[in-house]
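K.L.:
Structure, please.
(one chain, ligands or ions: 1)
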Amino acid sequence: MSTAANTPAWTPEFKDLWPTLLLRRRLPGHEEHADTLVELVEKMDREHEQLTARFQAVDIFGLDHPGIAWLRKCIDESVQAYFHRVGMDYGIKWSVSGWSNTNRFGDYHAPHNHAWSYLSGTYYLKMPEESDVEPRQSRAPSAAISFYDPRAAASMLAVAGETLGNYEFTLRPEAGNLMLWDSALTHSVHANLSRETRITISFNISLTWTEQNLGER
Ligand SMILES: [Fe+2]
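P.N.:
All right, here's what the predicted structure looks like:
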């Protein structure tokens, strides 16, 4: 039987293949635009029944609103930063579509991905401060988001110390945060346990096709 107890004196070459990237940033200007954007979403929510479930009813980026124009600019900059990080620096073009989510007490989003998109993301417009009830069966914080290891079942033999052993990565972004990720990545939103609403604007990034996208294969 062998035992791994000591770090070897030599260093082999390791390569992280196919990393999963999550972009997170605090948007400058959130305080300036948050109130009018919350007003906009609440008005839309009153005018459209089941707006969060039927999210394709309104493309929020088609609205003429200074806060939406600001958010669109922030999203474009974030997408550019993501593409730069992964080496897609050849003038790639994309389009953005978006929708609002208003989660009331108990609302959640079951695990899903965003089919037919390249990147997906969320701007956290309003996050409730804390839970109004004690969670009984979930360790996840109220209204948090979880991302799941795309290597299905890879965690079944994970042992202590293995950094990739947790199949679920959970975080609770603050109001003003924007997150961006690969659309194929399965994620879920945990139940909002606060009487206050959780309001977000989610979006999909679709690439505009050009022959350049194929590159040399
Ligand atoms: Fe989603």
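K.L.:
Summarise which helices and strands the host helix or strand of residue 77 is packed against.
P.N.:
In this assignment (DSSP states H and E), residue 77 forms part of helix 66-86. If contacts are counted by 3 or more CB pairs under 8 Å, 6 or more residues apart in numbering; DSSP states H and E, helix 66-86 sits against strand 22-26, helix 30-47, strand 94-103, strand 119-126, strand 177-182, strand 198-207. To be clear about C-beta, it is placed using only N, CA and C from the backbone, and glycine gets the same treatment.
K.L.:
what angle do it and strand 177-182 make?
P.N.:
Going by axes from the mean of the first three to the mean of the last three CA atoms, to 10 degrees, helix 66-86 is angled at 50 degrees with respect to strand 177-182.
K.L.:
Out of the helices and strands packed on helix 66-86, which one sits most buried?
P.N.:
Highest mean neighbour count among the helices and strands packed on helix 66-86 (mean count of other CB atoms under 10 Å): strand 119-126, with a mean of 23.
K.L.:
sorry, back to before: would you tell me which of the helices and strands packed on helix 66-86 gets closest to residue 166?
P.N.:
Closest to residue 166 of these is strand 22-26 (CB to CB; 14.1 Å).
K.L.:
Work out the sheet partners of the lowest-mean-pLDDT helix or strand in the chain and label each with its direction, please.
P.N.:
Here the helix or strand of the chain ranked lowest by mean pLDDT, DSSP states H and E is strand 168-171, holding a mean of 92. Strand 168-171 has its sheet partners listed here by DSSP bridges as strand 145-148 (antiparallel).
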